[in-house]
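S.K.: Model the following, please.
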Amino acid sequence: MVRVDGHGLVEKFLLLNSSTKSDILVYIVGHEAPGSDSRHPYDMSSDSNAKYLRTVRRHAKIIAGQFFGHLHADTFRVIYDNDRPVSWTFMAPSVSPHRDPADSSNPGLRLYKFDTNTGKVLDYTQYYLDLAAANRNVAEWTAEYNLTQYYGLHEVSAISLHNLADKLQIGTPHETNIFHKYLRAYRVRHESSESCDGACAHQHFCAITCLEHVAYRQCVEAAASALAAAGDSAPLTTPLLNTIVILFAFIIVVIN
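M.R.: Prediction:
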(Lines give C-alpha, C1' and ligand atoms only; values in the text may rest on other atoms or scores of the structure.)
Protein backbone atom coordinates (compact mmCIF):
# COMPACT_ATOMS: atom_id res chain seq x y z
CA MET A 1 0.00 0.00 0.00
CA VAL A 2 1.13 3.54 -0.76
CA ARG A 3 0.53 6.07 1.99
CA VAL A 4 0.88 9.81 1.51
CA ASP A 5 -0.08 10.72 5.08
CA GLY A 6 -0.48 9.18 8.50
CA HIS A 7 -4.23 8.59 8.07
CA GLY A 8 -4.12 6.35 4.96
CA LEU A 9 -6.57 8.63 3.16
CA VAL A 10 -5.57 7.43 -0.31
CA GLU A 11 -6.72 3.88 0.43
CA LYS A 12 -10.01 5.11 1.89
CA PHE A 13 -10.70 7.33 -1.12
CA LEU A 14 -9.99 4.55 -3.63
CA LEU A 15 -12.41 2.28 -1.77
CA LEU A 16 -15.13 4.97 -1.77
CA ASN A 17 -14.70 5.58 -5.50
CA SER A 18 -15.09 1.86 -6.16
CA SER A 19 -18.12 1.61 -3.87
CA THR A 20 -19.81 4.61 -5.49
CA LYS A 21 -19.58 2.99 -8.93
CA SER A 22 -21.15 -0.19 -7.52
CA ASP A 23 -23.74 1.62 -5.34
CA ILE A 24 -22.45 -0.25 -2.28
CA LEU A 25 -23.15 1.36 1.09
CA VAL A 26 -20.12 1.72 3.34
CA TYR A 27 -19.30 2.49 6.96
CA ILE A 28 -16.23 4.54 7.77
CA VAL A 29 -14.61 3.49 11.04
CA GLY A 30 -11.54 5.21 12.42
CA HIS A 31 -9.79 6.53 15.48
CA GLU A 32 -9.42 10.29 15.03
CA ALA A 33 -12.48 12.03 13.62
CA PRO A 34 -12.34 15.00 11.28
CA GLY A 35 -12.86 18.46 12.72
CA SER A 36 -11.85 19.96 16.05
CA ASP A 37 -12.70 19.75 19.74
CA SER A 38 -11.69 21.55 22.91
CA ARG A 39 -10.04 18.34 24.19
CA HIS A 40 -8.01 17.68 21.04
CA PRO A 41 -8.03 20.65 18.64
CA TYR A 42 -6.80 20.01 15.11
CA ASP A 43 -5.76 16.36 15.43
CA MET A 44 -5.73 16.00 11.66
CA SER A 45 -3.60 18.30 9.57
CA SER A 46 -5.63 21.00 7.81
CA ASP A 47 -4.88 19.43 4.43
CA SER A 48 -5.93 15.89 5.48
CA ASN A 49 -9.02 17.24 7.23
CA ALA A 50 -10.13 19.24 4.18
CA LYS A 51 -9.43 16.30 1.85
CA TYR A 52 -11.46 13.95 4.03
CA LEU A 53 -14.44 16.33 4.18
CA ARG A 54 -14.41 16.88 0.41
CA THR A 55 -14.46 13.13 -0.12
CA VAL A 56 -17.35 12.59 2.30
CA ARG A 57 -19.38 15.29 0.55
CA ARG A 58 -18.67 13.70 -2.84
CA HIS A 59 -19.71 10.22 -1.69
CA ALA A 60 -22.29 11.11 0.97
CA LYS A 61 -25.06 9.09 -0.67
CA ILE A 62 -23.23 5.78 -0.11
CA ILE A 63 -21.85 6.48 3.38
CA ALA A 64 -24.21 4.78 5.82
CA GLY A 65 -22.30 5.97 8.89
CA GLN A 66 -19.02 7.29 10.25
CA PHE A 67 -17.76 6.03 13.60
CA PHE A 68 -14.79 7.34 15.57
CA GLY A 69 -13.36 7.50 19.08
CA HIS A 70 -10.19 9.22 20.34
CA LEU A 71 -11.88 11.90 22.47
CA HIS A 72 -13.01 9.54 25.25
CA ALA A 73 -16.26 11.52 25.03
CA ASP A 74 -19.79 11.06 23.68
CA THR A 75 -20.53 13.48 20.86
CA PHE A 76 -21.41 13.75 17.18
CA ARG A 77 -20.63 15.80 14.08
CA VAL A 78 -22.66 17.01 11.10
CA ILE A 79 -21.01 17.49 7.71
CA TYR A 80 -22.53 20.08 5.37
CA ASP A 81 -22.35 20.67 1.64
CA ASN A 82 -23.31 24.26 0.77
CA ASP A 83 -25.11 24.57 4.14
CA ARG A 84 -27.05 21.35 3.51
CA PRO A 85 -26.50 18.52 6.03
CA VAL A 86 -25.32 15.51 4.03
CA SER A 87 -23.51 13.20 6.46
CA TRP A 88 -22.92 12.56 10.15
CA THR A 89 -20.28 11.19 12.48
CA PHE A 90 -20.71 9.51 15.88
CA MET A 91 -17.86 9.63 18.35
CA ALA A 92 -18.27 7.06 21.11
CA PRO A 93 -16.62 7.19 24.55
CA SER A 94 -13.83 4.77 25.37
CA VAL A 95 -13.66 1.82 27.73
CA SER A 96 -10.68 3.58 29.30
CA PRO A 97 -11.79 6.64 31.30
CA HIS A 98 -10.64 10.18 30.63
CA ARG A 99 -9.21 12.14 33.52
CA ASP A 100 -8.72 15.88 33.26
CA PRO A 101 -9.03 18.61 35.92
CA ALA A 102 -11.57 20.44 33.78
CA ASP A 103 -13.42 17.72 31.89
CA SER A 104 -13.38 14.00 32.79
CA SER A 105 -15.54 11.08 31.67
CA ASN A 106 -16.52 7.58 32.74
CA PRO A 107 -15.84 4.43 30.67
CA GLY A 108 -18.45 3.70 28.01
CA LEU A 109 -19.64 0.98 25.63
CA ARG A 110 -22.08 1.38 22.76
CA LEU A 111 -24.44 -1.03 21.03
CA TYR A 112 -25.69 0.05 17.59
CA LYS A 113 -28.96 -1.05 16.02
CA PHE A 114 -29.14 -1.11 12.23
CA ASP A 115 -31.33 -2.41 9.43
CA THR A 116 -29.73 -5.59 8.11
CA ASN A 117 -31.41 -5.11 4.73
CA THR A 118 -30.40 -1.53 4.04
CA GLY A 119 -27.44 -0.98 6.37
CA LYS A 120 -29.10 2.15 7.76
CA VAL A 121 -28.23 2.94 11.37
CA LEU A 122 -31.48 3.05 13.34
CA ASP A 123 -30.40 3.75 16.91
CA TYR A 124 -27.89 2.98 19.61
CA THR A 125 -27.86 2.28 23.34
CA GLN A 126 -25.04 3.83 25.34
CA TYR A 127 -23.73 1.96 28.41
CA TYR A 128 -21.44 3.36 31.06
CA LEU A 129 -19.48 2.35 34.13
CA ASP A 130 -19.72 4.66 37.14
CA LEU A 131 -16.05 4.60 38.01
CA ALA A 132 -16.45 6.18 41.45
CA ALA A 133 -19.10 3.60 42.41
CA ALA A 134 -17.04 0.79 40.88
CA ASN A 135 -14.06 1.74 43.05
CA ARG A 136 -16.27 1.39 46.13
CA ASN A 137 -18.17 -1.75 45.11
CA VAL A 138 -18.48 -4.25 42.26
CA ALA A 139 -18.18 -2.76 38.77
CA GLU A 140 -21.56 -2.70 37.03
CA TRP A 141 -22.23 -1.59 33.46
CA THR A 142 -25.52 0.30 33.19
CA ALA A 143 -27.60 1.48 30.22
CA GLU A 144 -27.17 5.24 30.18
CA TYR A 145 -29.56 6.24 27.41
CA ASN A 146 -31.08 5.34 24.06
CA LEU A 147 -30.24 7.87 21.33
CA THR A 148 -33.63 8.43 19.71
CA GLN A 149 -35.51 8.49 23.02
CA TYR A 150 -32.96 10.63 24.84
CA TYR A 151 -32.94 13.40 22.25
CA GLY A 152 -36.42 12.85 20.82
CA LEU A 153 -35.19 11.94 17.32
CA HIS A 154 -37.46 10.33 14.74
CA GLU A 155 -34.51 8.82 12.87
CA VAL A 156 -30.73 8.82 12.59
CA SER A 157 -29.85 11.10 9.68
CA ALA A 158 -27.80 14.16 8.85
CA ILE A 159 -30.95 16.29 8.93
CA SER A 160 -32.16 15.01 12.31
CA LEU A 161 -28.71 15.52 13.86
CA HIS A 162 -28.52 18.99 12.29
CA ASN A 163 -31.83 19.82 13.97
CA LEU A 164 -30.48 18.50 17.28
CA ALA A 165 -27.31 20.58 16.94
CA ASP A 166 -29.44 23.62 16.17
CA LYS A 167 -31.18 23.20 19.53
CA LEU A 168 -27.83 23.32 21.32
CA GLN A 169 -27.21 26.91 20.28
CA ILE A 170 -27.16 29.42 23.13
CA GLY A 171 -30.30 31.53 23.13
CA THR A 172 -32.65 29.03 21.50
CA PRO A 173 -35.84 28.05 23.40
CA HIS A 174 -34.61 24.44 23.78
CA GLU A 175 -31.02 25.22 24.60
CA THR A 176 -30.76 24.91 28.39
CA ASN A 177 -32.41 21.51 28.88
CA ILE A 178 -31.04 19.97 25.69
CA PHE A 179 -27.51 21.22 26.25
CA HIS A 180 -27.36 19.88 29.79
CA LYS A 181 -28.53 16.50 28.53
CA TYR A 182 -25.84 16.65 25.86
CA LEU A 183 -23.13 17.67 28.34
CA ARG A 184 -24.13 14.87 30.74
CA ALA A 185 -23.79 12.38 27.87
CA TYR A 186 -20.55 13.99 26.64
CA ARG A 187 -18.98 13.35 30.06
CA VAL A 188 -20.52 9.86 30.23
CA ARG A 189 -22.29 10.77 33.47
CA HIS A 190 -19.11 11.80 35.22
CA GLU A 191 -19.99 14.20 38.02
CA SER A 192 -17.96 17.34 37.46
CA SER A 193 -17.63 20.43 39.63
CA GLU A 194 -16.52 22.40 36.57
CA SER A 195 -19.22 24.59 35.03
CA CYS A 196 -19.71 25.12 31.30
CA ASP A 197 -20.49 28.77 30.58
CA GLY A 198 -21.97 30.28 27.43
CA ALA A 199 -18.64 30.36 25.61
CA CYS A 200 -17.98 26.72 26.54
CA ALA A 201 -21.42 25.66 25.31
CA HIS A 202 -20.98 27.46 22.01
CA GLN A 203 -17.59 25.81 21.55
CA HIS A 204 -19.39 22.46 21.60
CA PHE A 205 -21.84 23.74 18.96
CA CYS A 206 -18.95 24.94 16.79
CA ALA A 207 -17.21 21.55 17.08
CA ILE A 208 -20.38 19.73 16.02
CA THR A 209 -21.24 21.92 13.03
CA CYS A 210 -17.96 23.48 11.81
CA LEU A 211 -15.54 20.72 10.85
CA GLU A 212 -13.20 22.82 8.70
CA HIS A 213 -10.41 24.13 10.92
CA VAL A 214 -10.79 27.74 9.82
CA ALA A 215 -14.58 27.64 10.15
CA TYR A 216 -14.30 26.18 13.66
CA ARG A 217 -11.84 28.85 14.77
CA GLN A 218 -14.01 31.62 13.31
CA CYS A 219 -17.12 30.18 14.96
CA VAL A 220 -15.47 30.04 18.39
CA GLU A 221 -13.98 33.53 18.09
CA ALA A 222 -17.24 35.06 16.86
CA ALA A 223 -19.17 33.47 19.71
CA ALA A 224 -16.63 34.63 22.28
CA SER A 225 -16.87 38.22 21.03
CA ALA A 226 -20.67 38.18 20.95
CA LEU A 227 -20.96 36.67 24.44
CA ALA A 228 -18.43 39.13 25.84
CA ALA A 229 -20.35 42.05 24.33
CA ALA A 230 -23.59 40.73 25.81
CA GLY A 231 -21.99 39.98 29.17
CA ASP A 232 -23.16 36.37 28.89
CA SER A 233 -20.24 34.52 30.44
CA ALA A 234 -21.86 33.16 33.59
CA PRO A 235 -22.27 29.38 33.95
CA LEU A 236 -25.40 28.01 32.35
CA THR A 237 -28.17 27.47 34.91
CA THR A 238 -29.19 23.86 35.34
CA PRO A 239 -32.82 22.92 34.57
CA LEU A 240 -33.46 22.08 38.25
CA LEU A 241 -32.10 25.41 39.42
CA ASN A 242 -34.21 27.18 36.80
CA THR A 243 -37.29 25.49 38.24
CA ILE A 244 -36.35 26.45 41.80
CA VAL A 245 -35.76 30.08 40.83
CA ILE A 246 -39.09 30.31 39.00
CA LEU A 247 -40.95 28.65 41.89
CA PHE A 248 -39.27 30.93 44.42
CA ALA A 249 -40.22 34.01 42.40
CA PHE A 250 -43.82 32.77 42.14
CA ILE A 251 -44.04 32.28 45.92
CA ILE A 252 -42.77 35.81 46.54
CA VAL A 253 -45.36 37.24 44.16
CA VAL A 254 -48.19 35.29 45.79
CA ILE A 255 -47.12 36.30 49.30
CA ASN A 256 -46.88 39.96 48.33
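S.K.: Only C-alpha atoms from now on, for both contacts and neighbour counts.
M.R.: Fine.
S.K.: how about the strands in the stretch 101-250 of the chain?
M.R.: 108-114, 121-129, 141-146 (DSSP state E, counting those that start in this stretch).
S.K.: okay, those strands, which one's buried deepest?
M.R.: Of these, the one with the most neighbours on average (mean count of other C-alpha atoms under 10 Å) is strand 121-129, at a mean of 19.
S.K.: Any idea what the closest residue to R187 other than its chain neighbours is bridged to?
M.R.: Counting by C-alpha to C-alpha, 6 or more residues apart in numbering, S105 is the residue found nearest to R187 once chain neighbours are left out, at 4.4 Å. Beta-bridge pairing for S105 (DSSP bridges): H98.
S.K.: one step back: of all the strands of the stretch 101-250 of the chain, which one is nearest I208?
M.R.: For the strands of the stretch 101-250 of the chain, proximity to I208 was assessed by C-alpha to C-alpha; strand 121-129 is nearest, at 18.7 Å.
S.K.: Quickly run through the sheet partners of that closest one, with directions.
M.R.: Strand 121-129 has the following strand partners under DSSP bridges: strand 108-114 (antiparallel), strand 141-146 (antiparallel).
S.K.: closest to V156 out of those strands?
M.R.: Of the strands paired with strand 121-129, nearest to V156 by C-alpha to C-alpha is strand 108-114, at 10.1 Å.
S.K.: residues contacting M44?
M.R.: Applying C-alpha atoms under 8 Å, 6 or more residues apart in numbering to M44 gives the contacts 32, 34-35.
S.K.: Can you tell me the centre-most residue of this structure?
M.R.: T75 (2.3 Å; C-alpha atoms, centre = their mean).
S.K.: what about it, distance to G69?
M.R.: 10 Å (C-alpha to C-alpha, to the nearest Å).
S.K.: burial count for the spatially closest residue to F90 that is not a sequence neighbour?
M.R.: Once flanking residues are discounted, F90 sits nearest to F76: 4.5 Å by C-alpha to C-alpha, 6+ apart. Around F76 there are 21 other residues, counting by other C-alpha atoms under 10 Å.
S.K.: One more: the one 10 residues further on?
M.R.: In terms of burial, V86 registers 21 neighbours under the definition other C-alpha under 10 Å.
S.K.: Neighbouring strands - and their directions - for whatever helix or strand it lives in?
M.R.: In this structure, V86 sits in strand 84-91 according to DSSP states H and E. Strand pairing for strand 84-91, determined by DSSP bridges: strand 63-68 (parallel), strand 75-81 (antiparallel).
S.K.: Now for T75 and G69: what residues contact both?
M.R.: 91-92.
S.K.: My guess is the residue nearest to the centre of the chain contacts W88. True?
M.R.: No - counting by C-alpha atoms under 8 Å, T75 does not reach W88; the two are 11.0 Å apart.
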